[in-house]
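would you be able to build a 3D model of this:
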Amino acid sequence: MSTILAVEGVTAGYGDATVLFDVSCTVAAGEIVAVVGANGAGKTTLLSTIAGLVPARAGRIAFRGEDITGRPAHWRPAHGLALVAEGGRLFPFMSVEENLLLGAYAPRGRAVLKERLEEVMAVFPILRERREQAAGKLSGGERQMVAIARALMCRPDLLMLDEPSVGLSPLMVGRVFEIVERLARREGLTVVLVEQNVTEALTVADRAYVLDHGHIVRGGPAAALRGEREIQEAYMGL
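Residues are numbered from 1 along each chain as shown. Predicted coordinates:
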C-alpha cells in the first residue's frame with residue numbers, strides 16, 4: 001500500500017514547553033493506525049500538529065507525497081485531511097443537520113452536498129431521525145457520531161480521531177469502533193486513531209505506535225503489540 005501520510009522527525013509544543021521530540025511515523029492508504037499512550041504522552045499534540053493547529057518546530061509532514069508542514073489548518077480539510085477533536089466540539093444550539101452542513105464548507109464537500117449528506121446519514125441512521133434536534137440535546141454517543149459525520153462531509157482521504165470513546169458507555173464505545181472499522185474496511189477511508197482505550201484501539205487497528213513522553217517508543221502490527229506482556233501491563237490493565 002502507498003504511504004498517504006508521513007511524519008518525519010517532528011518536534012512541536014506550546015510556548016516554552018516541547019511536547020513532541022523527533023517523532024516519525026507513517027500511515028498507508030486504507031489503514032487504521034492507532035496511536036496509544038498514557039495521559040500527557042503527546043497524542044493530541046501529534047494530531048494537532050498534523051492538522052496544522054500546532055506548528056511543527058522541526059521536521060516535516062507529507063500528505064500524499066506533498067510537504068504540508070507550513071500549510072494553514074483550514075487548507076487541510078479542503079484537501080482531504082480531517083480531524084475530529086476530543087469531545088467533538090459541536091455547536092450545541094445548532095441542529096444536527098446544521099452542524100453537518102458546516103463540515104462541507106470546502107469545495108470538495110460543497111460540490112456534492114446533498115449526496116454527501118445522504119451518504120453520511122446512511123452510515124449514521126440515527127442522525128436522520130435527529131436531524132432537526134439541537135446537537136446539545138443529544139446523548140454523548142450521538143454527539144460523537146455527529147462529530148465524525150461532520151468530518152466526513154468534506155469527503156476526506158484521511159480521518160484523524162482524537163479519543164472518540166471518551167465519556168461514552170461501553171455499548172456506545174463498541175458502536176463507535178464498529179463504525180470506524182466499517183469506514184476503513186468497506187469504504188476505503190484511512191484512519192489515524194488516538195485512543196486511551198488501548199484494548200479496543202489495538203483490536204480495530206492494522207498497525208500502532210506507542211507514544212511515551214513525546215517519543216515514539218514502539219511501533220508495529222497492532223495484533224503483535226496487543227500480545228506483548230509489556231504493553232498489556234502498561235496500558236491494558238492485564
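
for the protein, which segments are assigned as helices?
Counting by DSSP state H, one finds helices in the chain at the ranges 43-50, 75-78, 96-102, 107-110, 113-123, 125-129, 140-152, 170-185, 198-204, 222-226, 229-235.

which strands or helices does the fifth one pack on?
For helix 113-123, the contact count by 3 or more C-beta pairs under 8 Å, 6 or more residues apart in numbering; DSSP states H and E identifies helix 96-102, helix 125-129, helix 140-152, helix 170-185 as packing neighbours. For the C-beta atoms, the positions are set from N, CA and C on the backbone; glycine is no exception.

can you get me a residue count around the spatially closest residue to A223 that is not a sequence neighbour?
With C-beta to C-beta, 6 or more residues apart in numbering as the criterion, A223 has its nearest non-adjacent residue at 7.5 Å, and that residue is L202. When neighbours are counted by other C-beta atoms under 10 Å, L202 registers 26.

I figured L202 hits A222, correct?
Yes: in this structure L202 lies within contact range of A222 using C-beta atoms under 8 Å: 4.6 Å.

picking up where we left off before, for L211, find the nearest of the helices of the chain.
The stretch from the helices of the chain with the least distance to L211 (C-beta to C-beta) is helix 43-50; that distance is 5.6 Å.

pull the CA atoms of the closest one into PDB?
Once non-C-alpha atoms are left out, helix 43-50 reads as follows in PDB (Å, rounded to 0.1, in the frame of the first residue of the first chain):
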ATOM      1  CA  LYS A  43      -1.000  12.100  21.400                       C
ATOM      2  CA  THR A  44      -3.400  15.100  21.000                       C
ATOM      3  CA  THR A  45      -0.400  17.300  20.200                       C
ATOM      4  CA  LEU A  46       0.600  14.900  17.400                       C
ATOM      5  CA  LEU A  47      -2.800  15.100  15.800                       C
ATOM      6  CA  SER A  48      -3.000  18.800  16.200                       C
ATOM      7  CA  THR A  49       0.400  19.300  14.600                       C
ATOM      8  CA  ILE A  50      -0.600  17.100  11.600                       C
END
